[in-house]
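Colleague: can't give you the sequence, but here's the structure:
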């Protein structure tokens, strides 16, 4: 089957009968992507992936999720699942506690992944745009989770 630049089947977009259907699809993809990125941040914070034996007896582990509604100018309201840890020491950088996602962050996420940027480039862009220091390994962990999901 023939594919386009995005690696999607040629007739992929024909399945959407209206603008609303496409927006719902895109909103769900965005939501899944951000949720995976947050999980990647938690993996990096804890130092191990979910269900990994390295986490046993570590003193801190996953502790479910809390829902958070973020406003997006492009996609409207999106309800995300923000992961928690037992020690309450996890501070997500993508969507900080008690804050909403800005359109800038949304556009950066979409732009970085659509351009296939390297982890170093993503790290640099986040630092330059938002003043947030994240390690290249955090970016790598986050991006690998998103790529797996997509």
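Modeller: Everything's here; your move. This structure is a prediction, so every number in the text was calculated from the model and none was measured.

Colleague: A strand includes residue 63, no?
Modeller: Yes: assessed with DSSP: H, G, I helix; E, B strand; the rest coil, residue 63 lies in a strand.

Colleague: What about it, how many residues nearby?
Modeller: When neighbours are defined as other C-beta atoms under 10 Å, residue 63 has 14 of them. Every C-beta, even on glycine, is put in place using the N, C-alpha and C of the backbone.

Colleague: ranges for the strands of this protein?
Modeller: 62-72, 76-85 (DSSP state E).

Colleague: Neighbouring strands - and their directions - for the last one?
Modeller: Right, strand 76-85. Here strand 76-85 is paired, per DSSP bridges, with strand 62-72 (antiparallel).

Colleague: before we move on, the earlier item: the strands of the chain: which one's closest to residue 116?
Modeller: Across these, residue 116 has its closest neighbour in strand 62-72 (22.8 Å, C-beta to C-beta).

Colleague: Now distance to residue 33 and mean pLDDT too, for the strands of the chain, in TSV please.
Modeller: Output for these, formatted as TSV (distance: least, C-beta to C-beta, whole Å; pLDDT from 0 to 100):
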stretch	distance to residue 33	mean pLDDT
strand 62-72	13	86
strand 76-85	10	88
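
Colleague: Let's have the ones you listed in a markdown table, adding distance to residue 9.
Modeller: Output for the strands of the chain, formatted as a markdown table (distance: least, C-beta to C-beta, whole Å):
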| stretch | distance to residue 9 |
| --- | --- |
| strand 62-72 | 27 |
| strand 76-85 | 26 |
